[in-house]
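>>> Here is a sequence together with a model predicted from it:
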Amino acid sequence: MPKQKLDTLSDGGVHQGIVLGITPYEYLTLDDLLTKTAEVEAPFLLILDSLEDPHNFGSILRTADASGVSGVIIPKHRSVGITPVVTKASTGAVEYVPIARVTNLAQSIKQLKEAGYWVFGTDMEGTDYRQWKVSGPIALIIGNEGKGMSAGLKKDVDEMLTVPMTGHVQSLNAGVAAGLLMYEVFRKRSEL
């Protein structure tokens, strides 16, 4: 095809000479995700609380696949979903990491707890992540890029985790924080 046609089909995005038409992404329900991870000895789920940046989401999916995360939960509203940018940034991980899309994160956390999960949040105040007990089924909440975790979810967690920092900037990019914490679980579980 002529380059102009590819430019039009990709809506002006960088296509590198290839455009593929696909069906819309089919999200799992939380029940489907719990069923899918039931065979995993100690499932590790990520809960993304209103993440907005598709590059962060794609990066998190890529790291989730690399570090053995069992699945990801995202809210249906006020959050980035699976888009072409997310798919590209994930370098294909979107095809391997199960993703559930839910209407209410607070109700989903309650359901996870009923299923035996320990739920951890991320904040500037909390337990040093290096002291994190990662055995058994766990879920980790990564907050919004600008606002962090929503106040409503903070009261539902079993423990808050923090990444100690000594610099002048007192926050990390959501994708970087998520990657650090995912690999902490991977490291600790690999030592067992």
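Received, thanks. Numbers count the residues shown, from 1 in each chain.
>>> Sketch out the low-pLDDT regions of this structure for me.
For the chain, residues meeting the criterion pLDDT under 70 lie at 170, 192.
>>> What segments of it are strands?
44-48, 71-75, 99-102, 118-128, 138-142, 159-162 (DSSP state E).
>>> Tell me, how many residues neighbour Ala100?
20 (other C-beta atoms under 10 Å). C-beta here means a position set from N, CA and C on the backbone, and glycine is covered the same way.
>>> which ones are touching it?
Tyr27, Leu28, Thr29, Leu30, Asp32, Leu33, Gly71, Val72, Ile73, Ile74, Ser108 (C-beta atoms under 8 Å, 6 or more residues apart in numbering).
>>> Kindly reformat the strands of the chain as JSON lines and extend each row with distance to Ser190.
Listed next are these as JSON lines, based on distance: least, C-beta to C-beta, whole Å:
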{"stretch": "strand 44-48", "distance to Ser190": "13"}
{"stretch": "strand 71-75", "distance to Ser190": "19"}
{"stretch": "strand 99-102", "distance to Ser190": "24"}
{"stretch": "strand 118-128", "distance to Ser190": "19"}
{"stretch": "strand 138-142", "distance to Ser190": "15"}
{"stretch": "strand 159-162", "distance to Ser190": "19"}
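>>> For Glu52, list the residues it contacts.
By C-beta under 8 Å, 6+ apart, the neighbours of Glu52 are Ser79, Val80, Asn144, Glu145, Gly146.
>>> how many other residues sit next to Asp7?
Neighbourhood size, Asp7 [other C-beta under 10 Å]: 15.
>>> go on, Asp11?
So Asp11, with other C-beta under 10 Å, has 9 neighbours.
>>> repeat for the one 5 residues further on
The local packing of Gln16 (other C-beta under 10 Å) involves 9 other residues.
>>> Please apply the same query to Thr29.
Counted with other C-beta under 10 Å, Thr29 comes out at 13.
>>> Excluding covalently adjacent residues, which one is nearest to it?
Ala100 (6.2 Å; C-beta to C-beta, 6 or more residues apart in numbering).
>>> Which stretches in the chain count as helices?
3-9, 30-36, 54-67, 84-89, 105-114, 151-154, 174-191 (DSSP state H).
>>> Quick check: beta-bridge partners of the residue nearest to Thr29?
Listed by DSSP bridges, the beta-bridge partners for Ala100 are Leu28, Ile73.
>>> From Thr37, how far out is it?
10 Å (C-beta to C-beta, to the nearest Å).
>>> Next, show the common contact partners of those two.
Counting by C-beta under 8 Å, 6+ apart, the residues touching both Ala100 and Thr37 are Gly71.
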